[in-house]
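Engineer: Fold the following and give me the result.
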Amino acid sequence: MENKEKLYHLISHVLGIDVTEINEETSPENTQSWDSFNALVMVTELEECFNVTFTMDEIESVRNVRDIIEVLSSYAISFD
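Structural biologist: Below you'll find the predicted structure:
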């Protein structure tokens, strides 16, 4: 499974939405289930899945799925 597919499935699972509803523009503003609790769950799941530890600045910088990809890419995780 490619990293982008793995990421989308993780988000789908945490937010309880179909994976086909997720794209790089998916955000708390357009996804009702992306609340503060699920955001924390997502951070934990992302760190475990991709074997990284985010800084508070990185966590606070995320506004949508594209931002998650950018932060993970900074850890040399490829999304090509």
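Engineer: ok, and what's touching stretch 64-80?
Structural biologist: 3-4, 7-8, 11, 22-27, 46, 50, 52, 54, 58, 61-62 (CB atoms under 8 Å, 6 or more residues apart in numbering). Where C-beta positions appear, they are placed from N, C-alpha and C, glycine not excepted.
Engineer: Could you identify the buried members of these?
Structural biologist: Buried subset of those (neighbour count, 16 or more other CB atoms under 10 Å): 3-4, 7-8, 11, 22, 26, 46, 50, 54, 58, 62.
Engineer: So which of those residues belong to helices?
Structural biologist: Among the buried ones among the contacts of stretch 64-80, the ones falling in helices (DSSP state H) are 3-4, 7-8, 11, 46, 50, 58.
Engineer: Most widely separated two among the residues you listed?
Structural biologist: Greatest spatial distance in these: Tyr8 and Glu58, 19.5 Å, computed using CB to CB.
Engineer: and the residue nearest to the spatial centre of the chain, what element?
Structural biologist: Closest to where the C-alpha atoms of the chain average out (CA atoms, centre = their mean) is Ile68, at 4.9 Å. Secondary-structure assignment from DSSP states H and E places Ile68 in helix 65-73.
Engineer: Could you measure from the residue nearest to Glu24 when sequence neighbours are not counted over to Asn23?
Structural biologist: What sits nearest to Glu24 in space, not counting adjacent residues and going by CB to CB, 6 or more residues apart in numbering, is Arg66, at 4.0 Å. Per CB to CB, to the nearest Å, Arg66 is found 9 Å from Asn23.
Engineer: Could you do Asn30 as well?
Structural biologist: In this structure, Asn30 and Asn23 are 10 Å apart, going by CB to CB.
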